[in-house]
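[1] Curious how this folds, go ahead:
(one chain, ligands or ions: 3)
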Amino acid sequence: VRRFLWTGLAACALLGLASRASALPQGFVVEPVLTGLAYPMNLAFSPDGRVFFAELRSGRVRVIKDGRLLSTPFASLSVYSNGERGLLGLALPPGFPDQAPWVYVYYTARVAQPEPHPENRIARIPALGDVGGAVEPLLALPTNAQNAVHNGGELAFGPDGKLYATVGDAFQAQNAPSLEFLGGKVLRLELDGTGAAGNLFSGNPTRSRIWSRGHRNHIGLAFHPLSGGLYQTENGPTSGDEINHIVAGANYGWPECIGACAPPEASLTDPLLAYGSPAIAPTGAGFLRPGRVRTEFAGDLVFGAFNDGRLHRIDFDPATPDRILGVDDRFLDTESLLAEEDDPAEHRLAPLDVTAGPDGHLWFTVADFFDPDSPYPGIYRLRDTTLPPAGVPVRLVLLLVPTAVAALWPGRRRCGPLAKRP
Ligand SMILES: [Ca+2]
Ligand SMILES: [Ca+2]
Ligand SMILES: [Ca+2]
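    Ligands and ions are numbered 1, 2, ... in the order given. The predicted structure follows:
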């Protein structure tokens, strides 16, 4: 059995599995969009209905079109895929594909010269129909050749049209606050990879790209659906996983503080929420959209966690931004929900990407780190069945695999026939 360490720390995969009956919040249903996939790491939605996704280990960018997975990948990147490396981030710019015909990727490239070595980088791939053109590297990022951890890897376009990226500290914690080092940062970039207009730091190309600093490793970004504010999940060491509200120029404390600073430090910004021990290793994050969920859930932040395989929910006060009313650490348990009850040790399911889909519902990906060939890894959609169905685009209805009809209700023991990997 392989053991994979997401942030240098994987607590037991199976700690405290919720019973299947509590694997899902009441009134919600999880619908498989496409299953039998290998390490689906990140999703990106094209306005023309196509769904792009990144495969962490293979380095392939795949396309779902008219409900079908295209057999020819959009791109196949040469990646190092050990540890936390691989094809990590994926994003489509506003105006894609007509005004901005590029697919943006964040990956650990396998560089051949002068001798083979890993290089984290942000690149873009021209989108010429369903198959991409030659990869255009935009920015080389700090990479630790000895330790395959702390690579960061999330990409997201903000409501301002700029490209945001989470860069890990590359195992150089002392440099995470430095303005002369791209590791341990949230970057804010123009489409060509240069520092975005309006960034607070300037003076050289490194500084001009930095939006916030003092981060350890992080792979979750989400923009609030109403305020547009940027929220981030961050991985602590053996404790101190964090949820942060990212603001321009702030220093989020790593490595001086793990979680909130005690005593408080005026120059450092504490997280909105810090977890204790053991680390849960947060992954992707997305907001539950007003109008798509009951009022009590609207505007809440949902994020995945690698170590417990769950989706967690932060119950934000809708009237007072950043005020936390409660935390639901058992919002959804992917392993209890999806895997066979009688062989939990054979599977190691973890939610990776969590994001609002084009239909406004929350979409998430699941990978199986013990048995990647199991039928469970795939793309799923979480829907609140207590609301009347909104006008879901016809394309999306087509996209949901037929087995989705037999949706995964709470208490259901098995998830029924799932599509095999094409
Ligand atoms: Ca921090
Ligand atoms: Ca709420
Ligand atoms: Ca994402």
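
[2] In contact with the residue lying farthest from the centre of the chain, which residues?
    Checked against the mean C-alpha position of the chain, the extreme residue using CA atoms, centre = their mean is residue 114, at a distance of 32.7 Å. The contact partners of residue 114, by CB atoms under 8 Å, 6 or more residues apart in numbering, come to none. Every residue, glycine included, has its C-beta placed from N, CA and C.

[3] try the one 4 residues further on
    For residue 118, the contacting residues are 80, 85, 108, 109, 110, 111, 143, 145, 148, taking CB under 8 Å, 6+ apart as the criterion.

[4] could you measure the fourth one against ligand 2, distance?
    Separation of residue 109 from ligand 2 (CB to the ion, to the nearest Å): 41 Å.

[5] what about that residue, which SS state?
    strand (DSSP: H, G, I helix; E, B strand; the rest coil).

[6] ok, it - how many residues close by?
    23 (other CB atoms under 10 Å).

[7] is it in a bridge, and if so with what?
    residue 79, residue 119 (DSSP bridges).

[8] Can you verify my assumption that it contacts residue 122?
    No - Residue 109 is beyond contact range of residue 122, at 10.3 Å (criterion: CB atoms under 8 Å).

[9] which residues do these two both contact?
    Counting by CB under 8 Å, 6+ apart, the residues touching both residue 109 and residue 122 are residue 137.

[10] Are any of the contacts of residue 118 buried, and if so which?
    80, 85, 108, 109, 110, 111, 143, 148 (16 or more other CB atoms under 10 Å).

[11] would you turn those into CSV with distance to residue 351?
    Formatted as CSV, the buried ones among the contacts of residue 118 follow (distance: CB to CB, whole Å):
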residue, distance to residue 351
80, 23
85, 19
108, 21
109, 26
110, 27
111, 31
143, 26
148, 21
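
[12] Report how many residues lie close to the residue of the stretch 151-300 of the chain found nearest ligand 3.
    Going by CB to the ion, ligand 3 is nearest to residue 284 of the stretch 151-300 of the chain, at 4.6 Å. Per other CB under 10 Å, the neighbour tally for residue 284 reads 26.

[13] which residues sit in contact with it?
    So residue 284 contacts 42, 154, 219-220, 233, 303-304, 351-355, 364-365 (CB under 8 Å, 6+ apart).

[14] any idea which of these has the most stuff around it?
    residue 219 (31 neighbours).

[15] dump the residue contacts of the nearest residue to that residue once chain neighbours are set aside.
    Nearest residue to residue 219, sequence neighbours excluded (CB to CB, 6 or more residues apart in numbering): residue 154, at 4.8 Å. If you count contacts by CB under 8 Å, 6+ apart, residue 154 has them with 42, 88, 89, 106, 164, 165, 166, 218, 219, 220, 221, 284.

[16] Residue 154 and residue 180: what is the separation?
    Counting by CB to CB, to the nearest Å, the gap between residue 154 and residue 180 amounts to 23 Å.

[17] do the same with residue 90
    In terms of CB to CB, residue 90 sits 29 Å off from residue 180.

[18] Compare these two (neighbour count), which wins?
    A direct count of neighbours by other CB under 10 Å for residue 90 and residue 180 places residue 90 higher, at 25 against 10.

[19] my guess is the more buried one contacts residue 40, does it?
    No - between residue 90 and residue 40 there is no contact under CB under 8 Å: 10.1 Å.

[20] Overlap in contacts, those two.
    53, 54.

[21] Contact residues of this structure facing ligand 1?
    Listed as neighbours of ligand 1 in the chain under the rule CB under 5 Å from the ion: 252, 253.

[22] how near is the most centrally placed residue in the chain to residue 144?
    Centroid check for the chain by CA atoms, centre = their mean gives residue 284 as the closest residue, at 2.9 Å. Per CB to CB, residue 284 is found 23 Å from residue 144.

[23] cool, and residue 45?
    32 Å.

[24] returning to that earlier point: return the distance of the residue of the stretch 151-300 of the chain closest to ligand 3 relative to residue 43.
    Where residue 43 is concerned, residue 284 sits at a distance of 9 Å (CB to CB).

[25] which neighbours do these two share?
    What both residue 284 and residue 43 touch, as defined by CB under 8 Å, 6+ apart, is the set 353, 355, 365.

[26] ok, back up a step: tell me the one of the contacts of residue 284 nearest ligand 2?
    Distances from ligand 2 to the contacts of residue 284, taken by CB to the ion, are shortest for residue 303, at 14.6 Å.

[27] I figured the closest one hits residue 233, correct?
    Yes - with contact defined as CB under 8 Å, residue 303 reaches residue 233; the gap is 5.0 Å.

[28] Find residues that contact each of those two.
    220, 243, 282, 283, 284, 285.

[29] Hmm, the fourth one is touching residue 307, no?
    Read that as residue 283. No - using CB under 8 Å, residue 283 makes no contact with residue 307, being 9.8 Å away.

[30] With neighbour numbers in mind, choose between these two.
    Neighbours per residue (other CB under 10 Å) separate residue 283 from residue 307, with residue 283 holding more: 27 against 23.

[31] sorry, back to before: for the contacts of residue 284, work out which two are farthest apart.
    With CB to CB as the measure, no two of these lie farther apart than 233 and 365, at 15.0 Å.

[32] now the strands for the stretch 151-300 of the chain?
    Ranges of strands within the stretch 151-300 of the chain are 155-157, 163-167, 185-189, 210-213, 217-223, 230-235, 242-246, 273-274, 282-287, based on DSSP state E, counting those that start in this stretch.

[33] Turn the ones you listed into TSV, including mean pLDDT.
    Shown next, in TSV, are these (pLDDT from 0 to 100):
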stretch	mean pLDDT
strand 155-157	98
strand 163-167	99
strand 185-189	99
strand 210-213	99
strand 217-223	98
strand 230-235	98
strand 242-246	98
strand 273-274	98
strand 282-287	98
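
[34] so what's whatever residue of the stretch 151-300 of the chain ends up closest to ligand 2 up against?
    Nearest residue of the stretch 151-300 of the chain to ligand 2 (CB to the ion) works out as residue 300 at 4.5 Å. Contact analysis of residue 300 by CB under 8 Å, 6+ apart lists 287, 288, 293, 313, 314, 315, 316.

[35] what two of those have the greatest distance between them?
    293 and 314, at 13.9 Å, using CB to CB across those.

[36] who in the chain is up against ligand 2?
    300, 315.

[37] all helices of the chain, in order?
    All helices of the chain, identified by DSSP state H, fall at 205-209, 334-338, 394-399.

[38] The first one: how far from the chain's middle?
    Read it as helix 205-209. 24 Å (CA atoms, centre = their mean, to the nearest Å).
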